[in-house]
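K.L.:
Build the 3D model from these lines:
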Amino acid sequence: MTLPGAEQIRALPGGLYLVQAFEALFDRERVNPRSVGTAKISSGTGTPEGSVVGSVGDLYLRTDGSTSTTLYVKTSGSATKTGWTGK
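P.N.:
The predicted model follows:
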């Protein structure tokens, strides 16, 4: 199955608005990771311990994780790379 490109979507009724909405979303995500208040949510492969800077309350979603290593919560430290706890 081939996904339609932006030009094909623009050709649909209301497609221009859909493309603009997705472009705005992706542009925002590149500039600012999802956050709620001051907590950040980030994702990637491997453990965040020792490699991802965060503060208490931040979340890290591990895309290659398994049981107890898919979600990490920053439980200690402010703007440090340590203190991540797997859940």
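K.L.:
where does the chain have its least confident helix or strand?
P.N.:
Least confident helix or strand of the chain, by mean pLDDT, DSSP states H and E, is strand 35-36 with a mean of 55.
K.L.:
in the sheet, who's paired with residue 80?
P.N.:
Judged by DSSP bridges, the bridge partners of residue 80 are residue 54.
K.L.:
and it, what is it in contact with?
P.N.:
53, 54, 55 (Cβ atoms under 8 Å, 6 or more residues apart in numbering). The way it works is simple: take the backbone N, C-alpha and C, and place the C-beta from them, glycine included.
K.L.:
Would you mind giving the domain segments of the chain?
P.N.:
Structural domains annotated on the chain: 1-32, 34-87, as defined by automatic domain parsing.
K.L.:
The ones you listed: lowest mean pLDDT?
P.N.:
With a mean of 63, domain 1-32 has the lowest mean pLDDT of the domains of the chain.
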